[in-house]
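> need a structure here:
(one chain, ligands or ions: 2)
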Amino acid sequence: MKVAVIGNGGREHALAWKLTQSPAVSHCYCLPGNGGAAALAKAENVPLAVEDLAGISQFCQAQGVDLVVVGPELPLSLGLADHLRDLGLKVFGPSQVGAQLEASKSWAKALMERAGVPTAQGETFSDLESALAYLARQTAPIVVKADGLAAGKGVIVAQTLLEAETALKDLFAQGFNPVVVEEFLAGEEVSVLALADGQTVIPLLPAQDHKRIGEGDTGPNTGGMGVYAPAPIAPAERMAEITRTILEPTLGQLRAEGIDYRGVLYAGLMVSPQGEIKVLEYNCRFGDPETQAILPLLADDLAEILLAAAEGRLQTLPPLTWKPASAVCVVMAAQGYPGAYAKGETITGIEAAEAQGLVVFQAGTRFTNQGLVTDGGRVLGVTALGDSLESAVVRVYQNIDQIRFNGAYYRRDIAHRALRRG
Ligand code: AMP
Ligand code: GLY
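Ligands and ions are numbered 1, 2, ... in the order given. Down below sits the predicted model:
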């Protein structure tokens, strides 16, 4: 089968890496792909932007692509999956209506309320005055969220009401409308990504991301600085509870409302100190960098699984099988990220690190006459597997320094929470 992967990040490199391991896959088009995707056997980059819905649709139809896997939320929220399905193509990724689960926090919240899915209490406002009046009756900490896609910059966890007031004013002034104000949930976060085919939902291994730039979870938020899986905070019984009380009711509600949701149902969850689980947010796609830790653990053929999801027959598959191992992915970023950073720094040592058993997923990279250079804030996702989480952590940090570029920065404490728990 011919597959196409839409996107150019580390997540898409990991998807193409795993898909091209399938004996069933003869060719993988990466639209537009990156330096890592281009180097994969059976893969080819095609310079089409993820927002170019017509270009992507025409290309996939002309090439006779059998399965399109959409990485990022932006094209899904613009309706790429609908365009492709209208042409008769098979797609792993929800429709524009389904993608509102991520693209509109107020829509997702209302859907969760109708489904009886536990989530933070909140209200949605389309004018500043009512939002401020509501805020005056609340206590801090409290959370203010832009409704739409904001590339990770739309959520403010305010420690004081004054901070929340400033955040509300800023968001409305920037044109974000509506805005959600919701209760602060304390606890530990876990990402549960599940595959959905409209009817059936199958969770993948739970993962824990590290969103802050600095060690000890300090400093500004980023797209994600490292991740590990499976996260010990969500053992099998808790995963069963999450599936029963969160994932299945959400997919059931979507179906009841006429939305045939085929793609990733990604629940960002908060586990309270008492063990109560609530949804912080939904995403409509694979996580980045969660994918770079989860897929190397999957023992099955991803192409067959995603095709089954696209065709609405996940129920016919045997249970997923996982390697009896843990994975850690450490993100190497450019100095300055998530603020301003340089591009074009030469990257060396990827082969040496891979010779030690690491898997290096490329995110912000580009091939030039000088070889591989940096081309983004998050440059690489470096993954190691181990029999235990401890051994995976040791392996990644023993070998990551083989990879060099000017200004390379990474956190040395990925998985610290799980290791502390013991
Ligand atoms: P979101 O984009 O909604 O996942 O929010 C980004 C981050 O903000 C989350 O990963 C949490 O760390 C934090 N966050 C969001 N909502 C809440 C909440 N209700 N309580 C506490 N933290 C939150
Ligand atoms: N790792 C967070 C995300 O993909 O949204």
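> residues of the stretch 101-250 of the chain that sit close to ligand 2?
By C-beta under 6 Å from any ligand atom, the residues of the stretch 101-250 of the chain that approach ligand 2 are Asp209, Gly224. Quick note: C-beta positions are derived from backbone N, CA and C, even for glycine.
> the strands in the stretch 101-250 of the chain, which residues?
122-125, 142-146, 155-158, 179-183, 188-197, 201-203, 208-209, 212-214, 218-221, 226-229 (DSSP state E, counting those that start in this stretch).
> tell me which of those sits most buried.
Among the strands of the stretch 101-250 of the chain, strand 226-229 has the highest mean neighbour count (mean count of other C-beta atoms under 10 Å), at a mean of 30.
> stretch 314-322 spans what distance, first to last residue?
17 Å (C-alpha to C-alpha, to the nearest Å).
> contacts for that stretch, please.
Stretch 314-322 has contacts (C-beta atoms under 8 Å, 6 or more residues apart in numbering) with 195-197, 199-202, 204-205, 230, 297-300, 304-305, 308.
> related to what we said a few turns ago, would you list the strands of the stretch 101-250 of the chain in a markdown table and tack on mean pLDDT?
Formatted as a markdown table, the strands of the stretch 101-250 of the chain follow (pLDDT from 0 to 100):
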| stretch | mean pLDDT |
| --- | --- |
| strand 122-125 | 93 |
| strand 142-146 | 94 |
| strand 155-158 | 91 |
| strand 179-183 | 94 |
| strand 188-197 | 97 |
| strand 201-203 | 98 |
| strand 208-209 | 96 |
| strand 212-214 | 95 |
| strand 218-221 | 90 |
| strand 226-229 | 98 |
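> can you put the ones you listed in a markdown table and add distance to ligand 1?
Shown next, in a markdown table, are the strands of the stretch 101-250 of the chain (distance: least, C-beta to the nearest ligand atom, whole Å):
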| stretch | distance to ligand 1 |
| --- | --- |
| strand 122-125 | 8 |
| strand 142-146 | 4 |
| strand 155-158 | 4 |
| strand 179-183 | 5 |
| strand 188-197 | 6 |
| strand 201-203 | 18 |
| strand 208-209 | 8 |
| strand 212-214 | 9 |
| strand 218-221 | 7 |
| strand 226-229 | 12 |
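> stretch 356-368: how far from the chain's middle?
18 Å (C-alpha atoms, centre = their mean, to the nearest Å).
> what are the phi and psi values at the residue in the stretch 101-250 of the chain positioned nearest to ligand 2?
Closest contact between the stretch 101-250 of the chain and ligand 2, by C-beta to the nearest ligand atom, is at Gly224 (3.7 Å). Listed backbone geometry of Gly224 is phi 130, psi 120, with angles given as degrees, to the nearest 10.
> how close does it sit to Pro235?
As judged by C-beta to C-beta, to the nearest Å, Gly224 and Pro235 stand 23 Å apart.
> these two: who's more crowded?
Taking other C-beta atoms under 10 Å, Gly224 and Pro235 do not tie; Gly224 has more neighbours (24 against 11).
> isn't the more buried one right up against Thr291?
No - Gly224 lies out of contact with Thr291 (C-beta atoms under 8 Å); the separation is 10.3 Å.
> which residue, other than its chain neighbours, is closest to Gln356?
Asn399 (4.3 Å; C-beta to C-beta, 6 or more residues apart in numbering).
> try Ile400
Ile400 sits nearest to Val382 (C-beta to C-beta, 6+ apart), 5.3 Å away.
> contact partners for Gly377?
Thr222, Gly223, Ala333, Ala334, Tyr337, Pro338, Tyr341, Gly364.
> ok, then the element right after the host helix or strand of Val373?
Per DSSP states H and E: Val373 is located in strand 371-374. Using DSSP H and E, the next helix or strand after strand 371-374 towards the C-terminus is strand 378-386.
> so what's the gap between that following strand and the chain middle?
The chain centre lies 15 Å from the centre of strand 378-386; the measure is C-alpha atoms, centre = their mean.
> which strands and helices sit next to it?
helix 10-19, helix 290-294, strand 326-333, strand 359-362, helix 389-399 (3 or more C-beta pairs under 8 Å, 6 or more residues apart in numbering; DSSP states H and E).
> near ligand 1, anything from the lowest-mean-pLDDT helix or strand in the chain?
Lowest by mean pLDDT, DSSP states H and E among the helices and strands of the chain is helix 416-421, with a mean of 77. No - judged by C-beta under 6 Å from any ligand atom, helix 416-421 and ligand 1 are separated, with a smallest distance of 13.2 Å.
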